[in-house]
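In: Just the structure for this:
(one chain, ligands or ions: 1)
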Amino acid sequence: MSDRTLLLAGNWKMNHDHLEAISTVQKLAWALEDAKLDESQCEVVVIPPFTDIRSVQTLIQGDKLWLRYGAQDVSRHAPGAHTGEIAASFLSRLGCTYVVVGHSERRADNHETNDLVAAKIKAALAQEITPILCIGESLEQRQEKTHVDFTLNQLDESLAGFDAAALEGIVIAYEPVWAIGTGETATAADAAEMATAIRARLDEKYGSPLAASTRILYGGSVKTDNVAEILGSDDVDGALVGGASLSGPDFAALCKAAVAK
Ligand code: PGA
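Out: A predicted model of the protein is given here:
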């Protein structure tokens, strides 16, 4: 067992308006309490759309809930003339602990490159927001067996220009694109293979303290009934969960199964 804290992060994607967000977080908090889970066992994070964050902040801070929250994206730019963008400093003011960067849906829908992802990581770190960097291969790359090289290259390029001190605390999410929202889950062995390869690469480039402390998540169709198996490897420190995080009680059940593994 590693001493890295188990992290379960629910990426709501473009689901739930701010009213639905309030009721989802309330139900999640109650269900976690019923399940007798607390921050000594795991860290639970919700990642709602931008328009929900203020409501989520008010609820979590007002009710002193132990949940953390974050955003799904961030601008590479400082505040200024960038229509439609959201600055890291705004997320910081809203109390965001985390921000997802480089999610495969943004890489596909918005043509995000590793260079842009690196710039977003820089913007987040400058505001002391922890990036959750998403990397992972397509089905074609897996079939060609180039998945490890491809994913490690995404890691290298997304972290280009940072040193170990800057990257302390960063979270890496291995999310094979073919497993996201498809019901196809990588096997526990697939998740373990990549998590181990990512940790080895961090060790090689940044040294063993960073490699040993960095949390590596798996994401892609994680559900209550497969989370324990996915977390079977010592190198997998948690999950980035999409669909199964949209219901408070369901996400709490998933967290419980993860803690019990
Ligand atoms: P999913 O999404 O759990 O719905 O497959 C995971 C993700 O995209 O983070």
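
In: looking at this, Asp3 is in a strand?
Out: No. Assigned with DSSP: H, G, I helix; E, B strand; the rest coil, Asp3 falls outside any strand and is coil.

In: residues near it, how many?
Out: Asp3: 6 surrounding residues under other Cβ atoms under 10 Å. Any C-beta I mention is one placed from the backbone N, CA and C, and that applies to glycine too.

In: For the stretch 101-250 of the chain, which residues are neighbours of the ligand?
Out: Residues of the stretch 101-250 of the chain lying close to the ligand by Cβ under 6 Å from any ligand atom are 175, 180-181, 219-222, 240-244.

In: Out of those, list just those in strands.
Out: Mapping those onto strands (DSSP state E) picks out 219, 240-241.

In: Most neighbours of all the residues you listed, which one?
Out: Neighbour-wise, these (other Cβ under 10 Å) top out at Val241, 29 neighbours.

In: Any stretches of this structure with poor pLDDT?
Out: Applying pLDDT under 70 to the chain flags the ranges 1.

In: In it, which residue sits nearest the ligand?
Out: Gly242 (2.3 Å; Cβ to the nearest ligand atom).

In: rewinding a little: which of the residues of the stretch 101-250 of the chain next to the ligand are buried?
Out: 175, 180, 219-222, 240-244 (16 or more other Cβ atoms under 10 Å).

In: quick one: which of those residues is nearest to Arg4?
Out: Distance ranking of those against Arg4, using Cβ to Cβ, places Leu240 first at 15.1 Å.

In: got a list of what the closest one touches?
Out: Leu240 sits next to 9, 11, 100, 132, 134, 173, 175, 217-219, 222 when contact means Cβ atoms under 8 Å, 6 or more residues apart in numbering.

In: go with 6 Å
Out: 9, 11, 173, 217, 219 (Cβ atoms under 6 Å, 6 or more residues apart in numbering).

In: Wait, Asn39 touches Trp66, no?
Out: Check again: residue 39 is Glu, not Asn. Yes. Here Glu39 reaches Trp66: they are 4.5 Å apart, a contact under Cβ atoms under 6 Å.

In: Let me know how buried Ala260 is, in neighbour terms.
Out: Using other Cβ under 10 Å: Ala260 sits among 11 other residues.

In: Would you mind measuring from Met14 to Arg107?
Out: Applying Cβ to Cβ, to the nearest Å, one obtains 16 Å for the distance of Met14 from Arg107.
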